[in-house]
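In: sharing a model prediction with you, sequence too.
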Amino acid sequence: MRRDLLQPYSIAVLALAICLPCIPPELYGFPFTLQTQSQDPSSNPPQPPLPQAAESKAEPAPDSKLILKAGTPVRLRFLRRISSSNVIAGEKVNLEVVEDISVGDSLVIAKSSLAQATVTEALPKGAMGQGGDLEFKIETVRLTGGQLAPLRFVQDLKGGNRKGVTPTGAVLGALTGAGYLVYYVSGKDAVVQKGTEVTAYVDQDVLIDSSKLAAPPPRENGRLETKKDEGVAR
Amino acid sequence: MRISLAAILAAVVLGLLPGMLLTAAMASNPQEPGRSKKNTKKQLEAMACGELDRKYTVRTRDAGPEPPVPTDKALVYVIRWENADTLNPAKLAVDRKVVGINKGKAYFTATLEPGPHYFCSEILGDVSLLSLVLEAGKTYYLQQRSLTMGPWLGVVGEQKAKQKLAKCKLSTFEEKK
């Protein structure tokens, strides 16, 4: 008996048996995504663009203006998992642009730039199988020159993990037409998984100074923040 | 025997360590409490619930004409159309202030500033929490329910709410002195 206890594997088995109940159950699934969101830029208010080198130059000629047309589709991806139980209405949520968008030859929205949504309703799941509700509004996307373009959301989920999203919720989300994405989940929290893709649309024509597009992106630009976020989340 | 006790002690320490570290990681950064369900609930409760332990007198009367929706504010209807458990009043606090109390088949309205608001519905000490960003000039309909496991508060559609409102009385309240 004494020898058995001294065996390394006996100690390991005992350690495992004691350790398992100590680990919070929510950490079994997505271990660190939720816990490290303190460093997640998606929960922070948008940073104003830093002054760029291009801004110190002379005013560009009027013909250097580009127009990003209203209705231009922008494919976006959620940077973190969002549950109706761990957000509060008013919180900001970041998404990243999935693919480059150009006007003519000019890149106006770079892949991995940040878009921002605001949580407009958060209802945690309730007793007796009452489902949680989660609603948010996708508002802006950052252009390569640092400018923000207004967005509206008119299309529902595409790809990603749609577990827990009912067809009713998906249709309602698509039909609201006011830039809202609505999830209704019966008896569970409404959840948007990290990596879920949606397509939003530019809400109105945006006049862009093409001379600023050539400038290097500022440090607070989405590209850098996104990389940081992904590193943390993993 | 002494060695085996040492082995058990080592196993206990080794076993508890990961759990302790993970718990510490979860509890870190109190500035971002919306990160775990527990912290979110705690924060929302702190922002929403208040004045619920005071004593109130609740009365109902026939509803008058619908209040106009102010252009610069949001109008919120809070309805409790069920009959069950109507003896226990359902209090509603918004941003830590009680704005109305419903017994059964009753409703009240609240005019709120546009922006985020935190709602706390309480029945017999149990609470249900909801957060909403309200828009100026819009009307919102909330339902209060009393379930076996506790209260529930959620947004309901306008059509359903209006049907139920027709059968409900207007609820008013005042604090007992």
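Out: Yes, it's here. Residues are numbered from 1 along each chain as shown, chains lettered A, B, ... in the order given.
In: what strands line up against the helix or strand hosting A:N94, and which way round?
Out: Per DSSP states H and E: A:N94 is located in strand A:92-97. Strand A:92-97 pairs in its sheet with strand A:73-78 (antiparallel), strand A:114-123 (antiparallel), by DSSP bridges.
In: return the most buried member of the ones you listed.
Out: strand A:114-123 (a mean of 25; mean count of other CB atoms under 10 Å in any protein chain shown). Where you see a C-beta, it was placed from the backbone N, CA and C, and this is true even at glycine.
In: C-alpha coordinates for it, CSV please?
Out: The C-alpha trace of strand A:114-123 is given here as CSV (Å, rounded to 0.1, in the frame of the first residue of the first chain):
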residue,chain,number,x,y,z
LEU,A,114,-12.0,47.1,-37.1
ALA,A,115,-15.8,47.6,-37.2
GLN,A,116,-17.8,48.4,-34.2
ALA,A,117,-21.2,47.3,-32.9
THR,A,118,-23.1,48.3,-29.8
VAL,A,119,-25.1,45.9,-27.7
THR,A,120,-28.6,47.3,-27.6
GLU,A,121,-30.3,44.5,-25.6
ALA,A,122,-28.9,41.9,-23.3
LEU,A,123,-31.2,39.5,-21.4
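In: need the next SSE after that strand, C-terminal direction.
Out: Taking DSSP H and E, what comes next after strand A:114-123 is strand A:133-142.
In: average pLDDT for the strand holding A:N94?
Out: Regarding strand A:92-97, the rounded mean pLDDT is 95.
In: for the following helix or strand past it, give me every contacting residue.
Out: Beyond strand A:92-97 on the C-terminal side, the first helix or strand identified by DSSP H and E is strand A:101-103. Strand A:101-103 has contacts (CB atoms under 8 Å, 6 or more residues apart in numbering or on different chains) with A:66-69, A:72, A:74, A:107-109, A:208.
In: repeat that for stretch A:116-123.
Out: Outside stretch A:116-123, the residues that reach it (CB under 8 Å, 6+ apart) are A:46, A:82, A:84, A:87-95, A:132-141, A:153, A:180-181, A:190, B:129-133, B:153-155.
In: hmm, back to that, in JSON lines: the strands paired with strand A:92-97, plus distance to A:T199.
Out: Converted to JSON lines, the strands paired with strand A:92-97 look like this (distance: least, CB to CB, whole Å):
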{"stretch": "strand A:73-78", "distance to A:T199": "5"}
{"stretch": "strand A:114-123", "distance to A:T199": "11"}
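In: rebuild the ones you listed as CSV, extending it with mean pLDDT.
Out: CSV is the format used below for the strands paired with strand A:92-97 (pLDDT from 0 to 100):
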stretch, mean pLDDT
strand A:73-78, 94
strand A:114-123, 92
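In: ok so, going back, neighbour-wise, which of the contacts of strand A:101-103 leads?
Out: Using other CB atoms under 10 Å in any protein chain shown as the neighbour test, the contacts of strand A:101-103 are led by A:V108, with 25 neighbours.
In: can you dump the C-alpha atoms of the helix or strand containing it in CSV for me?
Out: Here A:V108, judged by DSSP H and E, is contained in strand A:106-109. Presented in CSV, the C-alpha positions along strand A:106-109 are these (Å, rounded to 0.1, in the frame of the first residue of the first chain):
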residue,chain,number,x,y,z
SER,A,106,-7.5,52.5,-54.0
LEU,A,107,-7.8,50.3,-51.0
VAL,A,108,-10.3,51.9,-48.7
ILE,A,109,-11.1,49.2,-46.2
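In: for it, packing partners?
Out: strand A:65-68, strand A:101-103, helix A:210-213 (3 or more CB pairs under 8 Å, 6 or more residues apart in numbering or on different chains; DSSP states H and E).
In: would you mind writing the CA trace of the strand holding A:N94 as PDB?
Out: What follows is strand A:92-97, C-alpha atoms only, in PDB (Å, rounded to 0.1, in the frame of the first residue of the first chain):
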ATOM      1  CA  LYS A  92     -19.100  48.000 -27.600                       C
ATOM      2  CA  VAL A  93     -18.200  44.900 -29.500                       C
ATOM      3  CA  ASN A  94     -15.500  44.700 -32.200                       C
ATOM      4  CA  LEU A  95     -15.600  42.900 -35.500                       C
ATOM      5  CA  GLU A  96     -12.900  42.700 -38.100                       C
ATOM      6  CA  VAL A  97     -13.200  43.100 -41.800                       C
END
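In: does A:T72 touch A:D203 like I think?
Out: No - taking CB atoms under 8 Å as the definition, A:T72 is not a contact partner of A:D203, at 9.8 Å.
In: what's the spacing between B:K138 and A:P150?
Out: B:K138 sits 20 Å away from A:P150, going by CB to CB, to the nearest Å.
In: have a look at these two and say which one is more surrounded.
Out: A:P150 (16 against 12).
In: now do the phi/psi pair for that one.
Out: Backbone geometry at A:P150, expressed as degrees, to the nearest 10, gives phi -70, psi 140.
In: so where is the chain shaky, pLDDT-wise?
Out: In the absence of a named chain, chain A is used. A:1-63, A:127-129, A:154-187, A:214-234 (pLDDT under 70).
In: wrong chain, I was asking about chain B
Out: B:1-3, B:5-35, B:84-86, B:149.
In: switch the cut-off to 80
Out: B:1-35, B:64, B:83-87, B:147-150, B:177 (pLDDT under 80).
In: show me where it has helices.
Out: B:2-27, B:37-48, B:158-165 (DSSP state H).
In: now do the strand holding A:N94 and strand A:133-142, the angle between them.
Out: 60 degrees (axes from the mean of the first three to the mean of the last three CA atoms, to 10 degrees).
In: buried residues of strand A:92-97, list them for me.
Out: Using 16 or more other CB atoms under 10 Å in any protein chain shown as the test for burial, strand A:92-97 gives A:92-97.
In: how about stretch B:116-134?
Out: Residues of stretch B:116-134 classed as buried by neighbour count (16+ other CB under 10 Å): B:116-123, B:127-134.
In: next one: stretch B:161-176
Out: B:161, B:164-165, B:168-171, B:173.
In: show residues contacting that stretch.
Out: Contacts of stretch B:161-176 (CB under 8 Å, 6+ apart): B:54-64, B:77, B:79-81, B:98, B:100-103, B:105-108, B:141, B:143.
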